[in-house]
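A.B. asks: The amino acid sequence is not available; the structure is as follows:
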C-alpha cells in the first residue's frame with residue numbers, strides 16, 4: 001500500500017503564489033472647468049429668466065418711445081396728449097426731486113403707512129382665515145359680516161375713518177389696513193377649503209392631534225393661497241393708501257401727486273404716478289421672494 005505522501009504531487013509542496021489583480025489605471029487629476037464653460041453652463045440654467053428680462057426691458061423701451069412720440073407731436077386721437085409731459089420732462093423732475101428732502105419724506109411716510117397697515121392686515125387676516133376655514137361655527141359668525149364690509153371701497157371709508165380715529169395718520173393707516181385685510185382673508189379661506197380631506201383623515205388615523213393636523217396639514221396646504229392673498233392685498237393696500245392720502249392726507253406720495261395737479265405741475269404728476277408703480281412693484285416682488293423662501297418645494 002502506497003503512502004499518501006508518496007502519491008502527493010510535487011506541485012503541492014510549492015508555495016502558492018497569489019494571482020495579482022489588474023493594475024488600476026492612474027487617472028490624471030481633473031482640471032477645473034474654464035470660465036467659458038462655467039458661463040455657458042450658467043446661461044443654460046438661467047436662459048428662461050434672461051429671456052424674460054430681455055423681453056421686459058425691450059417692452060419698457062418701446063413704451064418710452066411711444067410715450068415720447070405721442071407727447072412730442074401732441075397727438076389728439078380720442079385721448080389728448082397736448083398737456084402730457086414727455087419722458088425727458090419727467091426725468092428732469094425726477095433729478096430735481098431726488099435732491100429735495102420733502103419728496104423723499106413723502107415716499108418714506110407712504111412706505112411706513114403701508115408697512116404698518118399691511119402688517120396688521122396680515123397678522124390678523126391670515127390666522128383668522130385659517131380659524132374660519134377650520135371651524136364652521138367661527139366661519140358662520142364672521143363670514144356674513146366680512147362679506148357685507150368687503151365691497152365697500154376705500155374712498156367710502158375716509159369720512160368714517162376720520163370720525164373713528166383722532167388723527168389723520170391713524171385714519172390713513174386704518175384705510176390701508178382695510179384695503180389689504182379682505183383679500184388676505186378671502187384667499188386664506190379659499191386655500192383652507194381646497195385642503196384634501198384624505199390628508200386630514202390620514203393624519204387622524206396616524207394619531208395626530210388637532211394642533212399637529214393644523215400645523216402639518218392645513219397650514220402648508222393653504223400657504224400658496226395665503227401668499228396669493230398677501231400679493232393681492234399689497235396691491236389693494238397701495239390703492240387704498242393713495243386714495244386716502246389724496247383726500248385727507250398732508251404728506252405721502254399720493255398727496256404729492258394731488259398737490260402737483262393742484263399746482264399744474266404736470267411733470268410731477270407723472271413722477272408721482274411712476275413712483276407709486278415702482279413702490280408697488282417692489283412690495284409685490286418682496287412678498288414673492290418671501291413666498292419662495294417659505295415654500296421651497298414650489299421653486300422652479
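C.D. replies: Noted; the coordinates are in hand. Values in this document were obtained by computation on a predicted structure and should not be read as measured data. Residues are numbered from 1 along each chain as shown.

A.B. asks: how about the helices of the chain, start to end?
C.D. replies: With helices called from DSSP state H, the chain shows them at 4-7, 35-45, 47-72, 87-97, 101-134, 136-149, 154-164, 168-193, 197-205, 210-213, 219-248, 253-262, 266-294.

A.B. asks: For residue 80, which of those is the nearest?
C.D. replies: helix 47-72 (10.1 Å; CB to CB). All C-beta spots, glycine's among them, are computed from the backbone N, C-alpha and C.

A.B. asks: helices or strands up against the closest one?
C.D. replies: When contacts are defined as 3 or more CB pairs under 8 Å, 6 or more residues apart in numbering; DSSP states H and E, helix 47-72 packs onto helix 87-97.

A.B. asks: and the helix it packs on, average pLDDT?
C.D. replies: Average pLDDT, helix 87-97: 93.

A.B. asks: ok, and for that helix, which residues are buried?
C.D. replies: 87, 89-90, 93-94, 97 (16 or more other CB atoms under 10 Å).

A.B. asks: what does it contact?
C.D. replies: Helix 87-97 is contacted from outside by 64, 67-68, 71, 85, 103, 265-268, 270-271, 274, using CB atoms under 8 Å, 6 or more residues apart in numbering.

A.B. asks: Can you give the distance from it to the centre of its chain?
C.D. replies: When distances are taken as CA atoms, centre = their mean, to the nearest Å, helix 87-97 is centred 29 Å away from the chain's centroid.

A.B. asks: Could you check the angle that helix makes with helix 101-134?
C.D. replies: 100 degrees (axes from the mean of the first three to the mean of the last three CA atoms, to 10 degrees).

A.B. asks: Give me the angle between helix 87-97 and helix 253-262.
C.D. replies: For helix 87-97 against helix 253-262, the angle by the same axes, to 10 degrees is 120 degrees.

A.B. asks: tell me the angle of helix 87-97 relative to helix 47-72?
C.D. replies: 100 degrees.

A.B. asks: Could you list the low-confidence segments of this protein?
C.D. replies: Along the chain, the model assigns pLDDT under 70 to residues 1-30, 299-300.

A.B. asks: Is it correct that residue 222 is in contact with residue 199?
C.D. replies: No - with contact defined as CB atoms under 8 Å, residue 222 does not count as touching residue 199 (11.7 Å).

A.B. asks: hmm, back to that, tell me which of the helices of the chain lies nearest to residue 81.
C.D. replies: Going by CB to CB, the one of the helices of the chain nearest residue 81 is helix 47-72, 4.6 Å.

A.B. asks: Can you list the buried residues in the closest one?
C.D. replies: 67, 70-71.

A.B. asks: out of those, who's nearest residue 135?
C.D. replies: residue 67 (52.5 Å).

A.B. asks: Just give the nearest non-adjacent residue to that closest one, would you?
C.D. replies: residue 87 (5.6 Å; CB to CB, 6 or more residues apart in numbering).

A.B. asks: just residue 174 next, same as before
C.D. replies: That would be residue 161: by CB to CB, 6+ apart, it lies 5.0 Å from residue 174.

A.B. asks: so who does that neighbour touch?
C.D. replies: Residue 161 neighbours (CB under 8 Å, 6+ apart): 171-172, 174-175, 244, 248.

A.B. asks: hmm, back to that, let's have the buried residues of helix 47-72 in JSON lines, adding distance to residue 112.
C.D. replies: Rendered in JSON lines, the data for those read as follows (distance: CB to CB, whole Å):
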{"residue": "67", "distance to residue 112": "31"}
{"residue": "70", "distance to residue 112": "36"}
{"residue": "71", "distance to residue 112": "34"}
